[in-house]
Every structure is written in C-alpha cells, then in structure tokens.
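> Requesting a structural model of the entry that follows:
(2 chains)
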There are 2 protein chains.
Amino acid sequence: MTSESDTAHCSTRPRGARVALCLGFVSSLAACAAHSDRPDNGAAPLVIQEQGSFAAGGTMTTAPGTFNPYKPLTPDGQTYHGDHAYAFYQIPVDARKLPIVMWHGAGQFSKTWETTADGREGFQTIFLRRQFGVYLIDQPRRGAAGRSMVEATLKPVPDEQLWFNQFRIGLWPNYFDGVQVARDASTRNQFFRAMTPNTGPFDMNVVSAGVSSVFDKIGPGILFTHSQGGGPGWLTAIRNNQVKAIVAFEPGSSFVFPEGELPAPIPSAFDTVQGAAVPMEQFKALTRIPILVLYGDNIPEQPVELPAQDSWRARLEMARLWRDAVNRHGGDVRLIHLPEIGIKGNTHFPMSDLNNVQIADLVSGFLHEKGLD
Amino acid sequence: MTSESDTAHCSTRPRGARVALCLGFVSSLAACAAHSDRPDNGAAPLVIQEQGSFAAGGTMTTAPGTFNPYKPLTPDGQTYHGDHAYAFYQIPVDARKLPIVMWHGAGQFSKTWETTADGREGFQTIFLRRQFGVYLIDQPRRGAAGRSMVEATLKPVPDEQLWFNQFRIGLWPNYFDGVQVARDASTRNQFFRAMTPNTGPFDMNVVSAGVSSVFDKIGPGILFTHSQGGGPGWLTAIRNNQVKAIVAFEPGSSFVFPEGELPAPIPSAFDTVQGAAVPMEQFKALTRIPILVLYGDNIPEQPVELPAQDSWRARLEMARLWRDAVNRHGGDVRLIHLPEIGIKGNTHFPMSDLNNVQIADLVSGFLHEKGLD
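Sure, this is the predicted structure:
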C-alpha cells in the first residue's frame, strides 16, 4: 500500500508481526526472505531515539538600500540566505559511536539512500537497523537545499535514456544480462522520478563547504558518497578532520592528486577524465583515514566505442591510479571492483540494486575491520 | 549536537534515558519539560514499523526522433518524467487507522513539518508519537519533486524581510510582543534556510493532481495543508474521496465556492483576495468531510495600511465567508481564530511556533471528536 511497486513489494504492515509477506517476483521474494533472522529483516520495528532536520553552512547577501514594508516586493535592504546544505537525520537507540553521512550524486538527492525504485529498503533504513545514526544530505543548490546564490535556468530536456545507459542498467531499451535491477514499469517510473535538478550551477567548493558544515555541526562521522559526490567528498575530508572514513560508491571524475603528481588525462568516448591537483599538505588528509571505493559490473577493461560504457572504463582506471597515489603516501584506500570478488550485475547504484543487502554487508565488514563501528 | 540551536535545544541523546535535558531559554525549557509524562516527551524513542519514500503521479514526454546511444547528449527519442509529487512516510507500530498527509505552503517544502527553526520537534514527529502514520509531501516542482515539465528561471532575489512580515513574526526588525518564536540568530538563520524555490511555475491543477496521486497510492487519510497549500488542498479533496478530513493552517487566497455563489473580491493593501468558482457537484465534496481551519495572532479585524498585515485581514475574512458557504450547504467546517480562544502569539506557522504542542493538542482533540483517530 505504501510501497511503489504493485508487482514486487514486501509488506511489513501487520502490526508488530515479525513476518514479511512477499509478493511477486522471485528476486523480490529472495530479497525479503533471505534475512528473516537478521536485524535487516524489514518486519522488525525501527527504534529511533531522535530524528529531525537542519540547514548547515551557506552564505547570505543583503541588497543595497533600506527595506520598505510598504513595498515588500522590492528587494531594497532585504536579505537572502542560500548555498547551505540540508540534512535529515535519524539516531537509533543504542547508536554506534560514529554516524554515517550519506551524500548523493549528480541529478540525485537524498532519495538515493531511501526506498529503492522497486520498493525495498535503501541504505538509510538498512544502516539504521545496523545501529548507525544516519544523516541524508541534499547538497547546496539541490532539492531541499534549493536556495542558490547564483541564478539558473531549468529546462525539461529529455535525457533519461542517457541516464539508463550511463548508470549501466543496460543499453536502452535492453537490460544487461543478470543486472541487479527489477524490470517492471513501476520500478522504471520510480527510478526516473528519483532525480531533481540543480537550482544553481554545480560548484565543487560550494557543495564541499556545505557538507563540511554538516560535520562541524554533528562532529565525527563516516562519509558515504555516490558518483559526482565523490570528488567534493575528497575535498570535504581535506577541509574537515571530523570525516573519519569514506565509502565512495562509483566516484566520478574528480580525483585529487598532489601537485606535481597528476597522472596523464585519460580520454574516453564520453569525455576525458582528469585528476585535480592540490597541495601535498591537503592531499595528506586523505592518507589519514580509511577509504573504501566500490565499482559495479559491466565496466570494460579495454576502450569501447559506446560513451556510457567507456566513460566508466576511464573512471575506474583513474580511480586505480588515485588509490595507488594515496597508498604510496601512506594511505589506506581499498578499491573493490565488485565482479572481481564475484559480486555480479551491479549498476551505478549498488546501494539500491537488488543485492543491496549484500553490498551493505560488504561495507559493514569494512567498517568493522577498521574499528569504525 | 544534532540540534540546530546552540542556545535553545532539547538533548535527547543519552541512550535510552527517559529524561529531557533542557538548556537555554525558559520558553524552550517549558516546551521540553511540560509534557514529561506524555507520549510527546521528546526523550521517548519512536517505534517505526515502516518508513520510506516514493514519487506519485506526474506526466512524461518523449522527444521526437530516435535515441542514439553514441550521441547521448542529444534529446532525440529520449523521455522525461516530471510533475510528480514526492512523499517521505513513516508508519509507527500500532498505527491509528488514518495516516496524516502534511503539505507545505509557498516557498516551503517538507521541512515545514520537521524540526522547528529553534530545534524542537515538528508535527512530523509529534504526530508519529501520537501513533499516526505521517506522509510529508514535496509538491510537484518543489524540492525533492523538482523535475518540472515547464521551464523556469530561478533568481536569488533578496526577499526575507517580506517573509518575516508576511509570516507575522513581527515588523522587521522587531518581533511582535509575545510572538511564539525564539529570537536568537541561529533560529532566524534556520528559518530563512527552510525555503526552497519553485523549479517550475506554480500550477494549482498540477500540484493538486500530484497530491491526489499520493492518496491514490496510500488510500484513506487526513490532509494537513499550510498556507498556499490550502487552495489546492480543497481541489485535492474534490478530486479524491480518499481525503477523509482536512486541517488547514492559515490557508491562503484560493477558496472555492459554488458557481453563482462567489462573494465579492476583498481588496487589501497587499492584493485582492478572490474566491474561485467550481460546479456545485464538485463543491459538495467539501461538505462531506470534517474541516478544521486555524489562523494565528496579529491579524487585524479592520483594514490597515501595512500590506503584510492587511493581506491576512482579507484572507481571514474570505475564510469566514467560505466556512459559511460550506456549512450552508450541509458541511462541517470549523474555523478557529486562535486568539479568540485565548491562544496568543501564533505566527503563520502554528505547527512550528513555540506552542506547537498546544496546537497539536487542539488538532488531536478535533480528530478525536470527529472519530478520525
């Protein structure tokens, strides 16, 4: 009833019952039933000590002149606050010491970590069940943090087949064999509606400043980034030593290297992937925290002609160079290309793919190994 | 720590402890402590059976031509989904039969019902504690529902002194005597950052269609509206008989009357408030459900020169005419001007004012009286 998918959903509505009624697809059935004796079990109630939301960071401008309350539609002397980040948080009872801050990618918002397109629990709720405090971010100039200090024009330009391919669900209209995505129309509809536009120009410094302000407010925590959030995620850890670890899901093209150690740009059929140089002292911040980087399936190892595929070949290649650079300077980056450890079919959204509990297990293992839980 | 206000917040972080530590302002202290033996007590954990999010409604367009995966930045043959509503929901264990759908006003988003600007619990969490399922809406073309079917240009025009006055906090930079708002800088900062712009033109039919689609998905429920949400809220109840009651907080200017029964427009120093005519059969839908309308304090009964004040004089006057029209046709509208029953100092945001628990009690009493809980 509250689930999007009419054809594949887990009902958890019977009051207090610890059973999951699973309807529809076998894949959905498996996702629901596989963990019935675990805390992930969707039927167990969440016990939340505290929840809420706040804005963090941002700037403010004042128009010249004097405010006239009889001409309130004139900006004279009025203020405008913008470029803050927004966070919605939940702290479970008996929370672990470090909360997780989850940051979306390009064209996305907090929804990335909420209910999946086919109606299952996302990482927001999965990690709450695992006793982590969870903060979902909308970065400055996106979604709930839409007051931008810079003007923008938003146009409804059709682009969803680009995203279907770019997010490695398949080659539109076909799905990759074994891809970890439900194929019904309702899932596709929800997936495309999980986007919201930039309300101002994307700016690495603005968004990393906003998320750094979230850490100023909450104190030490673990940062999860997705896609385009990866690059400003590195900058956030450089800005703020309250970032105690990063788990980057398919970070995009903005990897930072020490000045003088930039690798050659990597051309692809989509674009050219380039590193960004920062002073060594800034770079060293990335060597002081454990970092896990995950990439999914259907990324070619050799150049291919299709832009959507080749862009990820180049990004994965740059990510490996970056891992090597951080580790060469004493860092602790682990890069996992999921198919190499036998986890197949993941798209650009491992946190919401059909096997997202398996991915959460992998991340939980890393956090435990590093003493972060 | 997770609370915005450094000077006035209720800490509920001690694990499992059923105490509220209250710091700072006496008003805050009172808000925290007054209900320590009630389910509203901020220190009691929330027990959530299910939570998640989904898009509802909306439309889709396809660009002419054929999608070429080698030219993915060209719109040819690509689709675009937009104009859906977005909802984040939480269903408590042992939920009451009808959930509450909470819908924001102009320039606002789901934040209206979340943590208040001074860091207290908003109606989202207060009504969860009272065992209601709660759905928070972002209407089409706002916040999390930002993919608009119509282009828009967003400009950072300073306007916050307009809102300070229009929302009846005071006459900038002064606060009304006894106004139910904390006066510290942090609260003001959070308040101004609780806005997010339209990403497309505001359209009564688009937004009411979106929220009606939420009711299609969830079934019968109670609709709370705020301000500009009031007008399309009436249209939503006309569209969808799953709307079983409405509580309208300070509805704006779009009151619907039967064709032939439109009252004369009411001019004000801000604008002219006009009713909208609908066929009698549509209007009758509003006579079949209980409706509570609340207005706060500092609304003059006679015309005044200041636009921000006079606009509410005209709106309250139109609201009374509308109440009388619905009740004349057999309806059940109760309009409460809060100062008339001794509740003073409320702004345009009774759901987040310092006395919001008192306001919630008033609403709970209405829902109980009408058999809606």
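
> Tell me the secondary structure of residue A:318, please.
Assigned with DSSP: H, G, I helix; E, B strand; the rest coil, residue A:318 falls in the helix class.

> For residue A:321, which residues are in contact?
A:255, A:263, A:275 (CB atoms under 8 Å, 6 or more residues apart in numbering or on different chains). C-beta coordinates here come from the backbone N, C-alpha and C atoms, glycine included.

> what's the distance between the last one and residue A:326?
For residue A:275, the distance to residue A:326 under the criterion CB to CB, to the nearest Å works out to 12 Å.

> cool, the second one as well?
Residue A:263 sits 13 Å away from residue A:326, taking CB to CB as the criterion.

> Which one's more surrounded, those two?
residue A:326 (22 against 16; other CB atoms under 10 Å in any protein chain shown).

> Pretty sure residue A:60 sits in a helix.
No - counting by three-state DSSP, residue A:60 falls outside a helix, being strand.

> If I look at the nearest residue to it once chain neighbours are set aside, what pLDDT would I see?
Spatial nearest neighbour of residue A:60, excluding adjacent residues (CB to CB, 6 or more residues apart in numbering or on different chains): residue A:81 at 4.8 Å. Residue A:81 is assigned a predicted lDDT (pLDDT) of 98.

> SS state for the residue of chain A positioned farthest from its centre?
Residue farthest from the centre of chain A, counting by CA atoms, centre = their mean, is residue A:70 at 45.5 Å. Using three-state DSSP, the structure places residue A:70 in coil.

> what's the pLDDT at it?
97.

> show me the contacts for it.
Residue A:70 neighbours (CB under 8 Å, 6+ apart): B:305-307.

> ok, 7 Å please
Counting by CB atoms under 7 Å, 6 or more residues apart in numbering or on different chains, residue A:70 touches B:306-307.

> how about the helices of chain A, start to end?
Ranges of helices in chain A, per DSSP state H, are A:26-33, A:123-129, A:160-166, A:185-192, A:204-218, A:230-239, A:280-283, A:307-328, A:356-369.

> Which one of the ones you listed lies nearest to residue B:171?
Residue B:171 sits nearest to helix A:204-218 of all these, at 31.3 Å, using CB to CB.

> Now that closest one: buried residues?
Neighbour counts over helix A:204-218 (16 or more other CB atoms under 10 Å in any protein chain shown) mark A:206-215, A:217-218 as buried.

> nearest to residue A:348, of those?
Closest to residue A:348, out of all of those and judged by CB to CB, is residue A:207, at 19.1 Å.

> contacting residues around the closest one?
Residue A:207 sits in contact with A:139-140, A:232, where contact means CB under 7 Å, 6+ apart.

> What pLDDT is listed against the nearest residue to residue A:146 once chain neighbours are set aside?
Computed as CB to CB, 6+ apart, the closest residue to residue A:146 that is not its neighbour in sequence is residue B:196, at 3.5 Å. pLDDT for residue B:196: 98.

> Could you list the residues of the stretch 201-350 of chain A in contact with chain B?
A:218-219, A:306-308 (CB under 7 Å from any CB of the partner chain).

> ok, so of those, who is nearest residue A:244?
Looking across those and measuring by CB to CB, the closest to residue A:244 is residue A:219, at 9.8 Å.

> ok, that closest one to residue A:85 distance?
16 Å.

> In terms of neighbours, single out the busier of the two.
A count of neighbours by other CB under 10 Å puts residue A:85 above the other of residue A:219 and residue A:85, at 31 against 12.

> Just the pLDDT at the more buried one, thanks.
98.

> Find me the pLDDT at the residue nearest to it when sequence neighbours are not counted, would you?
Among residues not flanking residue A:85 along the chain, residue A:210 sits closest, at 3.3 Å (CB to CB, 6+ apart). Listed pLDDT for residue A:210 reads 98.

> Also the one 10 residues further on?
At residue A:220 the predicted local confidence, pLDDT, stands at 98.

> residue contacts, it?
Here residue A:220 is in contact with A:98, A:242, A:244 (CB under 7 Å, 6+ apart).

> measure residue A:139 to residue A:324 for me?
Counting by CB to CB, the gap from residue A:139 to residue A:324 is 29 Å.

> Have a look at those two and say which one is more surrounded.
Comparing residue A:139 with residue A:324 by other CB under 10 Å, the one with more neighbours is residue A:139, at 30 against 14.

> Against residue A:126, how distant is the closest residue to residue A:352 other than its chain neighbours?
Of all residues not flanking residue A:352 in the chain, residue A:116 sits nearest, at 4.2 Å (CB to CB, 6+ apart). For residue A:116, the distance to residue A:126 equals 10 Å [CB to CB].

> Neighbour count: those two, which is higher?
residue A:116 (28 against 25).

> looking at it, the more buried one is touching residue A:122, isn't it?
Yes - using CB atoms under 7 Å, residue A:116 is in contact with residue A:122, at 5.5 Å.

> Pull up the overlap in contacts between those two.
The contact lists of residue A:116 and residue A:122 share residue A:352, where a contact means CB under 7 Å, 6+ apart.

> Show the contacting residues for the closest residue to residue A:351 other than its chain neighbours.
Excluding the flanking residues, the one nearest residue A:351 by CB to CB, 6+ apart is residue A:123, at 4.6 Å. Applying CB under 7 Å, 6+ apart to residue A:123 gives the contacts A:102, A:113, A:351, A:360.
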